[in-house]
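Next come a sequence and a model predicted from it.
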Amino acid sequence: MTARPEPADRNGWRLISRAIRRRCPRCGATGVWASFLRTRPACPSCGLQFDRGESDYFYGAYLLNFVAAELVPVIVFVVALIATWPSPPWNLLTAITVVLAVVAPILLYPTTKALWLALDLIFRPRER
């Protein structure tokens with residue numbers, strides 16, 4: 001099913017906002033996730049196909065996830081280091097950073113996957 005984009009969907013920030021909230025980037029509907037890590041084949045509301053028909057389509061989502069997931073521990077580490085300077089608790093900072101580096105990619109994956117789809121809709125609007 002090919003849905004015609006609404007005029008409001010031409011606004012890229014709206015697409016990104018919907019994706020960050022784990023909704024369909026095109027229509028904003030909920031229910032696009034079958035489980036925490038797995039999307040449905042298409043949006044139940046507008047019919048947007050989440051599998052864009054390219055074998056390597058979600059490599060960009062993996063890259064986006066990698067960058068975001070590595071930035072989170074680094075930012076937390078730097079902020080905590082500045083906040084506790086001149087005597088930072090090195091062992092605690094290291095432990096928190098390691099835990100965040102392991103957990104962040106898993107927790108951010110659904111959001112980065114939806115965000116990648118939103119970015120694709122922004123740059124390839126004719127294929128909406």
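Cool, got the structure. Here the structure is a predicted model, which means the values were calculated and not measured. Numbers count the residues shown, from 1 in each chain.

Give me the residue at the spatial middle of this structure.
Thr112 (1.7 Å; Cα atoms, centre = their mean).

which residues does it contact?
61, 64-65, 68 (Cβ atoms under 8 Å, 6 or more residues apart in numbering). Where you see a C-beta, it was placed from the backbone N, CA and C, and this is true even at glycine.

Show me the helices in this protein, by range?
Here the chain has its helices, by DSSP state H, at 12-20, 59-84, 90-123.

what's the closest of these to Gly47?
For these, proximity to Gly47 was assessed by Cβ to Cβ; helix 90-123 is nearest, at 13.7 Å.

avg pLDDT for that closest one?
Taken as a whole, helix 90-123 carries a mean pLDDT of 92.

Return the set of buried residues in it.
Under the neighbour-count criterion of 16 or more other Cβ atoms under 10 Å, helix 90-123 has 93, 97, 100-101, 104-105, 108-122 buried.

residue ranges with poor pLDDT in the protein?
1-10, 126-128 (pLDDT under 70).

Leu37: which of the helices of the chain is closest?
Nearest of these to Leu37, taken as Cβ to Cβ: helix 90-123 at 6.1 Å.

Figure out how far that closest one is from the centre of its chain.
8 Å (Cα atoms, centre = their mean, to the nearest Å).

now that helix and helix 12-20, what's the angle there?
Between helix 90-123 and helix 12-20, the angle comes out at 130 degrees (axes from the mean of the first three to the mean of the last three Cα atoms, to 10 degrees).

can you give me the angle helix 90-123 makes with helix 59-84?
Put simply, helix 90-123 runs at 140 degrees to helix 59-84, going by the same axes, to 10 degrees.

Sounds good, over and out.
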